[in-house]
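# Here is a sequence with its predicted model. Questions after.
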Amino acid sequence: MGRAIDLALGPPFTSPNPRVGAVVVRGGRVISEAAHEGAGTAHAEARALEGVDARGATLYVSLEPCMHTGRTPPCAPAIVAAGVTRVVGAMEDPDERTRGKGFDYLEGCDVEVTTGVLHDAAARINARWSHQRRTGRPFVTLKLALSIDGRMAAPDGSARWITGPAARARVHSRRGEADAVMVGAGTVVADDPGLTVRDAGAIRQPATVVVDGRGRISAGARLFGNDQVVVATTAVTPQGTLDDWDDVGAEVIVLPPSPGGVDLGALLDALGGKATARHDFVEVYCEGGAALATSLLADDLVDRLEIFFGPVALGAGGPALGPLGIGSLPSARRWRLVDLERIDDDALAVYEKDQPERTSECSPES
């Protein structure tokens, strides 16, 4: 099973599908192994079984074999057809509509099934995908770049650069791991960012999501040159601005208003597939600024915090966050510190929270 999990980690990007590895063993010898490469390609089990005599073999797989037909056929019937007599699985499918069905099918066909082997290791590599399957919303990572005294900018508004080149390169790497990068209108107006992965070897560019409840950003902003741009707004935005965004190829989502501007919960429903099948984002990487970061935290919509601290003290200037509606310390959420790393003279602190048990109506992975 350890080898199956290692295989699953090989392909650089499988979203919106999970990372899965499979190993076929017969007579104590590995006869085939494979990983899932991404949506629309054969699943790991099918690839591992292709072209080999698997009669009487044991299949080790890091995720429950599927029973649905998407872009590819279901895996569980293919395993039975190949003559596999035993399946060892690390974890069940987290989607409650499909959970257990693959293993049940195999047992109904007299295939011996063992589950839970190296479960925690398998769950870690698909934690964000599992969150999206359970909730119908993408996993939200909020990135903050702060001075050592918690400021986002100097008193004159300057923020370039609080952190050094190595930390900024890490941010570009993280952008490339996410399905979408999200910013607020204030960041676009102030900085006109491109929000691309500045790496010549980048395999893909993430989608760009802009939250602009009042139509503040110009259709001439640099980010509208990106391949996929989604603008989340409200009915307050003038029709002329909506038309301008449409003319430059952006997808405009008009959402209910909220005290902070846009109903961010409704936006995440749309991006994660709960509200529409148009998007199936597994992770959204939010780069602020302060207003959007505050709204996400106040609405308890952040799953992971990545806080970069630069080696400067500003004393005054832009605070990292606005009011969160917290009246006393006991009412504040406690985050789990999961990583602390030195990056040259900068520091990266990573915090996560326990995931909610919220059900979904999104479609299973393809």
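Received the coordinates, thanks.
# And the strands in the stretch 101-250 of the chain, which stretches?
112-115, 139-147, 151-153, 180-184, 207-211, 229-233 (DSSP state E, counting those that start in this stretch).
# how far away is the closest residue to residue 103 other than its chain neighbours from residue 60?
Take residue 103 and drop its neighbours on the chain: the residue closest to it by Cβ to Cβ, 6 or more residues apart in numbering is residue 113, 5.1 Å away. Using the backbone N, CA and C atoms, a C-beta is placed for each residue, glycine as well. Distance from residue 113 to residue 60, counting by Cβ to Cβ, to the nearest Å: 12 Å.
# neighbour-wise, which of those two wins?
residue 60 (26 against 16; other Cβ atoms under 10 Å).
# low-scoring stretches of the stretch 151-300 of the chain, by residue?
199-203, 274-278 (pLDDT under 70).
# Now do the SS call for residue 348.
strand (DSSP: H, G, I helix; E, B strand; the rest coil).
# got a pLDDT number for it?
On pLDDT, residue 348 comes in at 97.
# Could you check how far it is from residue 12?
From residue 348 to residue 12 the distance is 21 Å (Cβ to Cβ).
# Could you give the number of residues near residue 244?
By other Cβ under 10 Å, the burial measure for residue 244, its neighbour count, is 17.
# Over to the one 3 residues further on?
Using other Cβ under 10 Å as the criterion, residue 247 is surrounded by 10 other residues.
# give me phi/psi at residue 11?
phi -60, psi 140 (degrees, to the nearest 10).
# now the strands of the stretch 101-250 of the chain in JSON lines, with distance to residue 315?
As requested, these are arranged in JSON lines below (distance: least, Cβ to Cβ, whole Å):
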{"stretch": "strand 112-115", "distance to residue 315": "56"}
{"stretch": "strand 139-147", "distance to residue 315": "9"}
{"stretch": "strand 151-153", "distance to residue 315": "8"}
{"stretch": "strand 180-184", "distance to residue 315": "25"}
{"stretch": "strand 207-211", "distance to residue 315": "30"}
{"stretch": "strand 229-233", "distance to residue 315": "35"}
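# Nearest to residue 302 among those would be which one?
strand 139-147 (4.6 Å; Cβ to Cβ).
# ok and the closest one relative to strand 180-184, angle-wise?
Per axes from the mean of the first three to the mean of the last three Cα atoms, to 10 degrees, the angle that strand 139-147 makes with strand 180-184 is 50 degrees.
# what about residue 157, distance to residue 191?
10 Å.
# Of those two, which one has the most company?
For residue 157 and residue 191, the more surrounded residue by other Cβ under 10 Å is residue 191, and the numbers stand at 16 against 10.
# surely residue 75 meets residue 103?
No: assessed by Cβ atoms under 8 Å, residue 75 is found out of contact with residue 103, at 11.4 Å.
# Which residues are in contact with each of those two?
Listed as contacting both residue 75 and residue 103 by Cβ atoms under 8 Å, 6 or more residues apart in numbering are residue 65.
# higher neighbour count, the two?
More crowded of residue 75 and residue 103, by other Cβ under 10 Å: residue 75, with 27 against 21.
# For residue 113 and residue 60, list the residues in contact with both.
With Cβ under 8 Å, 6+ apart, residue 113 and residue 60 have common neighbours 87, 88.
# Residue 348 and residue 12 - which one has more neighbours?
Of the pair residue 348 and residue 12, residue 348 is the one with more neighbours under other Cβ under 10 Å, namely 18 against 12.
# burial of the nearest residue in space to that one that is not next to it in sequence, as a residue count?
Distance criterion Cβ to Cβ, 6+ apart; nearest residue to residue 348, sequence neighbours excluded, is residue 341 at 4.6 Å. The number of residues packed near residue 341 is 12, by other Cβ under 10 Å.
# Only alpha carbons, please: show whichever strand or helix holds residue 341 as CSV.
Residue 341 is part of strand 336-343 when elements are defined by DSSP states H and E. The C-alpha coordinates for strand 336-343 follow below in CSV (Å, rounded to 0.1, in the frame of the first residue of the first chain):
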residue,chain,number,x,y,z
ARG,A,336,-3.9,24.1,14.5
LEU,A,337,-0.3,24.9,13.6
VAL,A,338,0.7,22.3,11.0
ASP,A,339,4.0,23.7,9.7
LEU,A,340,6.5,26.3,10.5
GLU,A,341,9.3,27.0,8.0
ARG,A,342,12.2,29.4,7.5
ILE,A,343,12.5,30.8,4.0
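# what is the rounded mean pLDDT of that strand?
Per-residue scores along strand 336-343 average to 96.
# how about that strand: buried residues?
residue 343 (16 or more other Cβ atoms under 10 Å).
# and if you look at stretch 215-233?
215, 216, 217, 221, 223, 224, 226, 229, 230, 231, 232, 233.
# between the residues you listed, which is nearest residue 7?
For the buried residues of stretch 215-233, the nearest to residue 7 is residue 226 (32.3 Å; Cβ to Cβ).
# Contact partners for the closest residue to the closest one other than its chain neighbours?
Nearest residue to residue 226 in three dimensions, chain neighbours excluded: residue 208, at 4.8 Å (Cβ to Cβ, 6+ apart). Residues near residue 208 by Cβ under 8 Å, 6+ apart: 180, 181, 182, 183, 195, 223, 226, 228, 229, 230.
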